[in-house]
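Q: heads up, no residue letters with this:
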């Protein structure tokens, strides 16, 4: 679900923004392509499907631009109504039908070189992963354009909100995460029961143990509990695969474990760079789970020396300062913060007023850790020193940013060009053999 913070007077509100969804659709189609192209590269399959995914990726990217520029949907990111909408629609039609026509014309040269031998194989899990990702993209597309369709059919614009996207796409994305772990350890062509038990026993044990620990720690939301177990399962499969590869390289080449680990990544950058991206996705999922299921929000008014409590935090309002710096007037509230008796410091949310601006600039005070973020927003104040505050606690949200950085690193490793291997005669001349 995508939201945009809209500033209004001395406060603001979080508004559902449907146009933000348009950016996810081409990203999902491209993600599906990056996975299925591995099947084509390894087995010579899914050639037509991969071309369809590339066509959809580009078409959905232009469709997102159409939503932004045409103004047919209300959004803080869209422009006003314009005459560009019909031109974009014609362009999208040319792209879609022209590309599909060319694909049909060249379909004879895109026949598969092999067939899927078993449903229990890496090829089938990649294909199922693709279908789920494309299904999620179609769901987002349908929810995004539904207001336009409802207005055209019934004359009433019905907006589809966050509950629809969360209820429909949430289970789909968690299934995709599960398949991410399965794809890591399942074999190509056909996997035997013995191999499945050997590969997945320890990751399943780790997920089960984590579920018991979290339940004992007080987590009772079953959806969040299952989600954390899925994330631990996928992370365990990747670590287990790395451990096996590093151990094998250590035995064969007599390298220390660090050198064997780095050599393993360097020997197959696309594969292990992809694993790093998968770890990044898990970190992002953990951040989303924590900030979605365990967040807290509270609005209150405080007099000087009064306190408020939220999720173990105690915020004590000390004083309000109003002063001028150059061309702006600053209003700052100071709050003493502690958690369970431990002093954390002072947070000072404020508002900046500029003479030529009608709206003030709200500056949020924040305390950020790997465990959770504490946000304090100054909504308003009175002459007697009373202030209105909005306080939010978002657990694990920093893991989303960590996952984003790790995803960039994994992508660079996977896409970094490898030095081509010389033929045997060339290596003999260079003295490398």
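A: Cool, the structure landed. Nothing here was measured: the structure is a model prediction, and the numbers come from that model.
Q: Identify each buried residue in the helix or strand where residue 317 lies, please.
A: Secondary-structure assignment from DSSP states H and E places residue 317 in strand 313-325. Neighbour counts using 16 or more other Cβ atoms under 10 Å place 313, 314, 315, 316, 317, 320 of strand 313-325 among the buried residues. Placement of C-beta: from N, CA and C, glycine included.
Q: show me the residues around the nearest residue to residue 66 once chain neighbours are set aside that make contact.
A: Closest residue to residue 66 apart from its sequence neighbours, by Cβ to Cβ, 6 or more residues apart in numbering: residue 88 at 3.8 Å. Neighbouring residues of residue 88 by Cβ atoms under 8 Å, 6 or more residues apart in numbering: 62, 65, 66, 69, 70.
Q: rerun that using 10 Å as the cut-off
A: Contacts for residue 88 were tallied using Cβ atoms under 10 Å, 6 or more residues apart in numbering; they are 62, 63, 65, 66, 67, 68, 69, 70, 82.
Q: which SSE is it in?
A: Using DSSP H and E, residue 88 sits within helix 85-105.
Q: Check this protein and tell me which residue is nearest its centre.
A: Taking Cα atoms, centre = their mean, the centroid of the chain lies closest to residue 284, which sits 5.4 Å from it.
Q: Show the pLDDT at residue 140.
A: Note on residue 140: pLDDT of 83.
Q: try the one 4 residues further on
A: Per-residue pLDDT puts residue 144 at 78.
Q: Where does pLDDT dip in the stretch 51-200 of the chain?
A: 71-82, 116-120, 157-162, 185, 187-193 (pLDDT under 70).
Q: quick one: the strands in the protein?
A: Assigned by DSSP state E, the chain shows strands spanning 3-8, 11-16, 296-302, 307-310, 313-325, 328-339, 342-347, 350-353, 361-363, 365-368, 372-381, 387-395.
Q: want to throw the ones you listed into a markdown table with distance to residue 155 and mean pLDDT?
A: As requested, the strands of the chain are exported to a markdown table (distance: least, Cβ to Cβ, whole Å; pLDDT from 0 to 100):
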| stretch | distance to residue 155 | mean pLDDT |
| --- | --- | --- |
| strand 3-8 | 27 | 37 |
| strand 11-16 | 22 | 38 |
| strand 296-302 | 36 | 91 |
| strand 307-310 | 45 | 91 |
| strand 313-325 | 49 | 89 |
| strand 328-339 | 46 | 91 |
| strand 342-347 | 49 | 90 |
| strand 350-353 | 42 | 89 |
| strand 361-363 | 38 | 86 |
| strand 365-368 | 45 | 91 |
| strand 372-381 | 38 | 91 |
| strand 387-395 | 38 | 92 |
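Q: who wins for proximity to residue 406 among the ones you listed?
A: The closest of the strands of the chain to residue 406 is strand 365-368. By Cβ to Cβ, the value is 17.8 Å.
Q: List the buried residues in that closest one.
A: Counting neighbours by 16+ other Cβ under 10 Å, the buried set in strand 365-368 is 365, 367.
Q: packing partners for that strand?
A: The elements that strand 365-368 packs onto, with contact taken as 3 or more Cβ pairs under 10 Å, 6 or more residues apart in numbering; DSSP states H and E, are strand 328-339, strand 342-347, strand 372-381, strand 387-395.
Q: how about those strands in TSV, adding mean neighbour count and distance to residue 238?
A: Formatted as TSV, the entries for the helices and strands packed on strand 365-368 read as follows, by neighbours: other Cβ atoms under 10 Å; distance: least, Cβ to Cβ, whole Å:
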stretch	mean neighbour count	distance to residue 238
strand 328-339	18	34
strand 342-347	12	35
strand 372-381	20	26
strand 387-395	20	24
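Q: Export those strands as TSV, with columns for distance to residue 232.
A: Formatted as TSV, the helices and strands packed on strand 365-368 follow (distance: least, Cβ to Cβ, whole Å):
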stretch	distance to residue 232
strand 328-339	27
strand 342-347	29
strand 372-381	20
strand 387-395	17
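Q: Of all the ones you listed, which one is nearest residue 228?
A: Comparing these against residue 228 with Cβ to Cβ, the closest turns out to be strand 387-395 (12.0 Å).
Q: Go ahead and measure how far that closest one is from the middle of the chain.
A: In terms of Cα atoms, centre = their mean, to the nearest Å, the gap separating the centre of strand 387-395 from the centre of its chain is 24 Å.
Q: The chain should start at 204 in everything you say after this.
A: OK, 204 is where the count begins now, so the last one is strand 590-598.
Q: partners of it in the sheet?
A: Each strand that pairs with strand 590-598, with its direction, by DSSP bridges: strand 499-505 (antiparallel), strand 575-584 (antiparallel).
Q: Now do the longest one against strand 531-542, angle only.
A: Per axes from the mean of the first three to the mean of the last three Cα atoms, to 10 degrees, the angle that strand 575-584 makes with strand 531-542 is 130 degrees.
Q: between strand 575-584 and strand 545-550, how big is the angle?
A: With the same axes, to 10 degrees as the basis, strand 575-584 and strand 545-550 are set at 40 degrees to each other.
Q: Also the first one?
A: Note on geometry: by the same axes, to 10 degrees, strand 499-505 and strand 545-550 are set 70 degrees apart in direction.
Q: For residue 428, find the nearest of the helices and strands packed on strand 568-571.
A: Taking Cβ to Cβ as the measure, these were each checked against residue 428, and strand 590-598 came out nearest at 14.6 Å.
Q: Give me the angle between the closest one and strand 516-528.
A: Going by the same axes, to 10 degrees, strand 590-598 makes 130 degrees with strand 516-528.
Q: thinking again about what came up before, and the residue nearest to the centre of the chain, what does it touch?
A: Residue 487 neighbours (Cβ under 10 Å, 6+ apart): 434, 602, 603, 604, 605, 606, 607, 609, 610.
Q: cool, residue 244 as well?
A: For residue 244, the contact set (Cβ under 10 Å, 6+ apart) comprises 253, 473.
Q: Please state the offset of the strand holding residue 520 from the chain centre?
A: Between the centre of strand 516-528 and the centre of its host chain there is 36 Å, according to Cα atoms, centre = their mean.
Q: What pairs with it, parallel or antiparallel?
A: Looking at strand 516-528 with DSSP bridges, its paired strands and their directions are strand 510-513 (antiparallel), strand 531-542 (antiparallel).
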